[in-house]
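J.: output the structure for:
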Amino acid sequence: VTIIHGDGSEGYPEEAPYDRIVATAAAPFVPDPLKDQLRSGGIMVIPVGNIGFYQTLLRVTRKDIGYIVEDLGGVVFVPLVGKHGHKID
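T.: All right, here's what the predicted structure looks like:
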């Protein structure tokens, strides 16, 4: 088991690229660092939306040129905080 302490909104570029990324906290938008760390053909599942309200679960698939983003439905997760996440005082 390896424990990594850091800003989850920035991912973990040291081991990128990834085939799969699963975020278990809601971001205000899909963070660019996480998208950038996907391998071509890689898939990320991430909830996106407001804190404590309706969010959308997205499936983001990286292609050679761009991304395909699919809406998987409504969800409510805790907020993703950090440089590319929600700003909480």
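
J.: wait, residue 70 touches residue 56, no?
T.: No - assessed by CB atoms under 8 Å, residue 70 is found out of contact with residue 56, at 10.1 Å. Glycine gets a C-beta too; all of them are placed from N, C-alpha and C.

J.: quick one: which of the two has more around it?
T.: residue 56 (15 against 11; other CB atoms under 10 Å).

J.: in the helix or strand containing that one, what counts as buried?
T.: Using DSSP states H and E, residue 56 sits within strand 55-63. The neighbour-count check on strand 55-63 (16 or more other CB atoms under 10 Å) flags 55, 57-58, 60, 62 as buried.

J.: same list (the residues you listed) but as CSV, adding pLDDT and distance to residue 37.
T.: Shown next, in CSV, are the buried residues of strand 55-63 (pLDDT from 0 to 100; distance: CB to CB, whole Å):
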residue, pLDDT, distance to residue 37
55, 97, 21
57, 98, 19
58, 98, 16
60, 98, 11
62, 98, 9
